[in-house]
Each structure stands twice: as C-alpha cells, then as structure tokens.
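Undergrad: Next comes the sequence, and after it the predicted model I'd like to discuss.
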Amino acid sequence: MELLVRFRNCTVVTDILEKVDRTLEFLSFVRVYSLRRPDLVLPLFRVLRDTQVETIEYWQAIELIALAAADVSNYRIFNWCCDKIKKRFGDNWRLHRLLGLFHEIRLDYRAAAAVYENSLVKHPSCPQLYKRQVAILKSLNSYEQAAVVLCDYLKNFMVDEESWCELVFIYLYLRKYEEAAFAASELIILNPSNWFYFLLFAEIQYNIGSYESLVTARKYCCYVCKMQKSCPRVFYDLLLVCWALGKFPQSSKDVNRRLLLFASKHLRQLYKNSSLLFAVEELLTHSSSRKLKYQTND
Amino acid sequence: MAAILKRSVLTRTNAAFLPNDQFLCRKKLFIDETRGLLQQDKEHLNNDVPSIDKLTSLMKPHLLRTKVLENIANVGPQMALGAWIRTMFHGYVVCRLPFWVPERFRSMLQSGIEMMGESLDIRYVSGLSWYILNIFGLQGFLFLLDGTREVEDMQFGSLPEEIPEMQTKMLMKQEKEQWKGMDYHW
C-alpha cells in the first residue's frame, strides 16, 4: 500500500524538478527493498529520459529501469538504458551484469554464462558476477557444479555470509549433511548473534542422525531456546531431537524427559490463544505415548 | 591474505560456539604444516616468483650492490653531462626572462657567472642554470609526452607499498602462534 502511495506521489506532481526528485526517491525505495515491480518502475522512465542529473541515485535508477525493461522484454528501453550507462561509465562489470541478467531472463543461460566469464577476465575481484554464475548453474539444476563454483569463490571471499548461507542450502539439496554442517558452523562463526544459524546447525545435526550429532543438536536447540522463546520451530526441533535420542540406550533419560516437558510447556504457551492448539495437544499426546512405549521397552 | 586473516580471527574469537570436531577441523585448516591457510607465506617464499621485500634487499650487501650499480648506470651519464655543460657554458648567458624576478633568485639563475657581480640584471639566465631548470622542471611534461619515467628513486619510493605486505606476513605468523596457544572450551 505504501508503495502505491509513493508511486502516486510521483505522478500527481506537475513541477518537473519535484517530479524528478520524487521519482528518484521512489526508485531508491524500490531498489533498497529489492522489489520487482516493472509495472510501477517503467512508467517513470519518461520522467528520467528527458533529464540529465549527475547523481548516483539517477544512475542507480537507470539501472533499475533497465532491469524492469528486461523483465517485460522491452528491448527498446533496455538498450537505451545500457547505451546511456556505457556512454557515461564505459565498459564496466555492472553493465555486463545487466546484459547477463537480460540473457538469463530470456532463459539464454549459455549467452549469460559467456558474458559473465568474459567480464570476470577483466574484473576478477567482482563477487556479484561469481554469484550470477552460481545462480545460472542452479537454474540448470546443476547443483553439484554450483557447489564447486561456490567453494572456489569462497576460497577467495571467505567472509561472505550470504554465500556460505547459499552453500548450506545447496548441500542440503544434495543431501550432503556433513558439508552442510561445516558451512552452517561457518555461518555461526561469522554471525554468532543470529539465532537462526544455530537452529540451522542443530537441524542439520539432527538429520545426520548419529548419537553424537543428536547430542550436539540437543545442545544447540537448548541454546536457541534461551535466545529465542517466541519461535515454535525451536521447541518443536527440541521435541524431535529428544524423541530421536530416546532410541539410544546410552542417552540420559532424565535429561530427555525434562527437556520434553520443557518444550511441551512452551509450545502449549505459544499456541494457547491459537486455533491450532488442538493440533499441538495431539502432537504432544502422541509424543508422550511414544515415550511410554520406549520406557516399557527398557 | 586479508580474508584469511579476518576469517582466522573470527574463528578464534567465536570458537566457543563450535563443537569439538568442527573446531579441530578448522584448527587443522589454518595451521596444518603443509597445507594450512596461514602457512601460505612460506609457500610464497618457496616459489620462483621473485617477491623479495625491498627492505630485506637493502640489508643484503650482494643484492644492494646490484641496485647501486643500476643507480650509477642511470645517474652517471647525468653527472657527466652536467660536468660537460658546466665547462662548455661557463660564463655564457643563454636567455632573458620576460618577467621580473626577486633578488634572492640570483644564485639560482646566474650560477657560473657570479664574477659579473650584481650589476647584471637578475632576469638574465646563465647556461648552467638554464640546463638545471629544464632538466628538473620539464620531467613532468616529458612524462606526459612519452609516458615513461626514470626509475632512479623508485626503489625507495615503493618501500611504503611493500611494508603492508610485510605486516600481513607478520600478522599471519602471530595468528598461527595464537592458534597454537589457544584455550578452547565449547
């Protein structure tokens, strides 16, 4: 809603200079929040077409308009924007990225890959181009190759959190849990204040399924419970881990029982005013009956 | 190298969040004797690529001799030419400046014709002074024309660029020591 209000503010004003200012502000907003709205961006093209403002917001807006034009296959506007950028800045990696994205949108991955490879020869220290190569490989379902390319990239750009996160999900897709655990622990190192990374690591350890990994998963779930008390996923993961640990005779039954009670209590509290409370009760009843089965088997 | 250092520092700082096997894996990744990431400085020196620091080269006489001979080869002809100019143009006045010049510039503009005393107008320039002014004053202009520059003092001029590389190597060595002496608790 706010987006439409901002868009309307750009169109109603009559003064040219104010119109340009509001347009640039709106397009900055779209860019910052990574919104993909060619229907709102392209009508503002004619406001910027006839102006020449030498500010960084102007050129970022031109880049955004080029992307919006590529989205709707408007080659005229796309070529106009690329020519303008080329005249001002010459041949640079951002222009190559635009061209590559244009080919990607048309599903011509081979041409896009060629553009990125040629650009990387001239600009080898550009992370965005490597990431686009990985994105192309993922689009072609070559996840193994995407993992290889991403690992090569991470050998040089070791502290790129976003890339490590991407690597985790690629390994999870490939069912390579040990490698995914390594990448998830790297995320924890880079940003230990983000509780989600701990939860992700715990879930991966749970999926590995050995006794040691389940004990690790339980420890991490407990740590996340301390950090984040309002997320049901955390307590549900703790339930799952304690259930799984219950199958191992060497695990501490007392600790498992106490953690199960703790997780159940918090889940009931979180869902107490929700219509899904019955589902939670059924889940917990089912878990307690399984617990009784394990206890009788002992 | 900076990325390796940053990752190493972050890993050491946040190692308490890692389980034992993950920590040991990373410790080996960084300080393994043959392939550790922090061992890359040793691999660099073993290569055939000549990456000897300029500061280190100044401390080795046999390398310093090469540099000094190079400098003599560059500066020698300049000095010989200067001596020839001094003998050839001694006592000659070459040109007259079209603008007024303060009296304190007399020794700079009239070197070689001091015997004339102060009766000569300060605007007259002697041959030797004109030669020196052109040699040092037109360097920038000549650089614009042909794009090359004499590298007589490049050795000393590039020292500040090499020192950060040395600092990185020292930091990596310190980082390795920190890993070895690290106390880990999960």
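TA: Everything's here; your move. For clarity, every value in this text was computed on a predicted model and none was experimentally measured.
Undergrad: Counting neighbours, what do you get for A:Phe157?
TA: Around A:Phe157 there are 14 other residues, counting by other Cβ atoms under 10 Å in any protein chain shown. Yep, even glycine has a C-beta here, placed from its N, CA and C like the rest.
Undergrad: mind checking how far the spatially closest residue to B:Pro19 that is not a sequence neighbour is from A:Ser210?
TA: Using Cβ to Cβ, 6 or more residues apart in numbering or on different chains and skipping the chain neighbours, the partner closest in space to B:Pro19 is A:Thr216 (5.1 Å). In this view, A:Thr216 and A:Ser210 are 9 Å apart by Cβ to Cβ, to the nearest Å.
Undergrad: For whichever strand or helix holds A:Trp59, buried residues please.
TA: Taking DSSP states H and E as the criterion, A:Trp59 maps to helix A:56-71. In terms of neighbour count (16 or more other Cβ atoms under 10 Å in any protein chain shown), helix A:56-71 has its buried residues at A:58-71.
Undergrad: Would you map the helices across the stretch 101-250 of chain A?
TA: Under the criterion DSSP state H, counting those that start in this stretch, the stretch 101-250 of chain A contains helices at A:109-122, A:127-139, A:143-156, A:161-173, A:177-190, A:195-208, A:211-227, A:232-245.
Undergrad: one step back: quick one: mean pLDDT over the helix holding A:Trp59.
TA: The average pLDDT within helix A:56-71 is 89.
Undergrad: Which strands and helices lie in contact with it?
TA: With contacts taken as 3 or more Cβ pairs under 8 Å, 6 or more residues apart in numbering or on different chains; DSSP states H and E, helix A:56-71 sits against helix A:16-32, helix A:38-41, helix A:45-49, helix A:75-89, helix A:93-105.
Undergrad: Please list the outside residues in contact with it.
TA: With contact meaning Cβ atoms under 8 Å, 6 or more residues apart in numbering or on different chains, helix A:56-71 is reached by A:23-25, A:27-28, A:30-31, A:36-38, A:41-42, A:44-45, A:48, A:51, A:75-78, A:81-82, A:84-85, A:88-89, A:94, A:98, A:101-102, A:105.
Undergrad: These, buried ones only, as a PyMOL selection?
TA: Buried members of those, defined by 16+ other Cβ under 10 Å, are picked up in PyMOL with:
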select buried, chain A and resi 23+24+27+30+31+38+41+42+44+45+48+77+78+81+82+84+85+94+98+101+102+105
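Undergrad: Show me what from chain A comes close to chain B.
TA: Residues of chain A lying close to chain B (Cβ under 8 Å from any Cβ of the partner chain) are A:156-159, A:181-182, A:185, A:188-190, A:192, A:198, A:216, A:219.
Undergrad: again, 6 Å this time
TA: Contact residues (Cβ under 6 Å from any Cβ of the partner chain) of chain A with chain B: A:Met158, A:Val159, A:Ser185, A:Ile188, A:Ile189, A:Pro192, A:Thr216.
Undergrad: Mark which of these are buried, thanks.
TA: A:Met158, A:Val159, A:Ser185, A:Ile188, A:Ile189, A:Pro192, A:Thr216.
Undergrad: right, and the last one touches A:Tyr206 too?
TA: Meaning A:Thr216. No: the pair A:Thr216 / A:Tyr206 is not scored as a contact, 9.2 Å apart, by Cβ atoms under 6 Å.
Undergrad: Which pLDDT value goes with residue 148?
TA: Assuming you mean chain A. Value listed for A:Val148 in the pLDDT field: 94.
Undergrad: wait, chain B
TA: 52.
Undergrad: now swap in A:Thr216 and tell me
TA: At A:Thr216, pLDDT is 94.
Undergrad: Quick one: residues contacting A:Leu137.
TA: When contacts are counted by Cβ atoms under 6 Å, 6 or more residues apart in numbering or on different chains, A:Leu137 touches A:Gln145, A:Ala146.
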